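1. Here is a sequence with its predicted model. Questions after.
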Amino acid sequence: MRDKVSSTSKLYNRLTVLRAERNLTRSDLAEAVGVNYQTIGYMERGDFNPSLELAFRISEYFQLPVEAIFSRQPFRPLSEQVYRNGKPDPGKEPV
Amino acid sequence: MKQSIGIATHLPTLGPDLRPRAARRRLVVITYIAYILLITAMMLSQAVYSPFITRASLTIFGGVVAIGWWKLNQFAQSYVVSSAHRIVDERERSVRDRAFSRAYQVVCSAVALGLIYGMIATSADAHLWIPRTMDDFHSLLWVFLILSVTLPHALIAWWEPDLLDEHDLP
């Protein structure tokens, strides 16, 4: 009967990717932001929405803006974003 | 931003591994079956004229309930309820608050049902069991005490999903 985060209030996040990039365990991140490592797992699975304070603590830890870590819309895969950013603008003449 | 709180906790290794939810749910079911059998044994203790059977059944069922509660309590203390060793984080606090409020609702409902049963049982033509002696009232108090003590931990054990490994890298 645990209240699951409903689909309308679900907050998407990039915690798993950010942890992988920095080679951090759940325990490392949990200790750094002052929560139980299970709470990190819950957030990654989308079962728990962090408070504003915790979201800011996480963003300070990763030194990224909050909106780069949390979003109300699903994130596009990073690989896709990198590819699109690296692609030349089709309307522009090559120099 | 390092903080001294949020130290990862470990389940004691004594007894079954309660990390999988299925194992915890099995324990909850066993505990409450023993609880119902304990109540039945208490209610039938006056009808059964063998003190040995009465004592043996009360000891066995009471023992199972006590061990079940101890294990559930250990789980809840280690993961979400206790603030004895560290500061409880916001998720743990919400899980704990929800468990205690639901347990309170269930205990209040049980008391209300007991009152309704009492009103029906004391009506003139109903031949239902009603507590008459001090022993009966004593048993009833035990029933409510066990329910209110075990329920919050049982709810937490029932709800929490399979626990994750703290050293898991993505």
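-> Looks like it arrived, so ask away.

2. Spell out whether the lowest-mean-pLDDT helix or strand in chain A and chain B are in contact.
-> Here the helix or strand of chain A ranked lowest by mean pLDDT, DSSP states H and E is helix A:78-86, holding a mean of 75. No - on the criterion Cβ under 8 Å from any Cβ of the partner chain, helix A:78-86 is out of touch with chain B, staying 12.9 Å away. For every residue, glycine as well, the C-beta is placed using N, CA and C.

3. for chain A, what spans make up the strands?
-> Ranges of strands in chain A, per DSSP state E, are A:12-13, A:70-71.

4. These into TSV, with extra columns for mean neighbour count and distance to chain B?
-> Shown next, in TSV, are those (neighbours: other Cβ atoms under 10 Å in any protein chain shown; distance: least, Cβ to the nearest Cβ, whole Å):
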stretch	mean neighbour count	distance to chain B
strand A:12-13	16	12
strand A:70-71	17	15
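
5. mind putting those in TSV, mean pLDDT included?
-> Output for the strands of chain A, formatted as TSV (pLDDT from 0 to 100):
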stretch	mean pLDDT
strand A:12-13	93
strand A:70-71	93
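
6. Run through the neighbouring helices and strands of the worst-scoring helix or strand of chain B on mean pLDDT.
-> Every helix and strand in chain B was compared by mean pLDDT, DSSP H and E; the lowest is helix B:51-79, with a mean of 87. Judged by 3 or more Cβ pairs under 8 Å, 6 or more residues apart in numbering or on different chains; DSSP states H and E, the packing partners of helix B:51-79 are helix B:21-44, helix B:134-159.

7. Buried residues, the longest helix along chain B. List them.
-> Looking across chain B with DSSP state H, the single longest helix is helix B:90-121. For helix B:90-121, a neighbour-count test (16 or more other Cβ atoms under 10 Å in any protein chain shown) marks B:90-92, B:94-96, B:98-99, B:102-103 as buried.

8. Any regions of chain B where pLDDT drops low?
-> Along chain B, the model assigns pLDDT under 70 to residues B:1-15, B:46, B:79-86, B:165-170.

9. Quick check: chain neighbours aside, which residue is closest to A:Tyr42?
-> A:Phe48 (3.7 Å; Cβ to Cβ, 6 or more residues apart in numbering or on different chains).

10. need the contact list for the residue nearest to A:Arg14 when sequence neighbours are not counted.
-> Excluding the flanking residues, the one nearest A:Arg14 by Cβ to Cβ, 6+ apart is A:Ile69, at 5.5 Å. Residues in contact with A:Ile69 (Cβ atoms under 8 Å, 6 or more residues apart in numbering or on different chains) are A:13-15, A:18, A:55, A:58-59, A:62.

11. wait, doesn't the residue nearest to A:Tyr42 sit right on B:Arg93?
-> No - judged on Cβ atoms under 8 Å, A:Phe48 makes no contact with B:Arg93 at a distance of 11.7 Å.

12. check contacts around the residue most central in space within chain A.
-> Centroid-nearest residue in chain A, with Cα atoms, centre = their mean: A:Arg14, separated by 2.2 Å. Applying Cβ under 8 Å, 6+ apart, we find A:Arg14 in contact with A:68-69, A:75, A:78.

13. which residues touch B:Phe61?
-> Counted by Cβ under 8 Å, 6+ apart, B:Phe61 has contacts B:34-35, B:37-38, B:41.

14. So which of those wins on neighbours?
-> B:Leu38 (24 neighbours; other Cβ atoms under 10 Å in any protein chain shown).

15. For B:Pro152, see how far away it is.
-> 19 Å (Cβ to Cβ, to the nearest Å).

16. Next, count neighbours for the nearest residue to A:Val35 once chain neighbours are set aside.
-> Excluding the flanking residues, the one nearest A:Val35 by Cβ to Cβ, 6+ apart is B:Asp89, at 4.0 Å. B:Asp89: 22 surrounding residues under other Cβ under 10 Å.

17. what's the closest non-adjacent residue to the residue nearest the centre of chain B?
-> Among the residues of chain B, the one closest to the centroid is B:Thr150, at 2.0 Å (Cα atoms, centre = their mean). Computed as Cβ to Cβ, 6+ apart, the closest residue to B:Thr150 that is not its neighbour in sequence is B:Trp69, at 4.8 Å.
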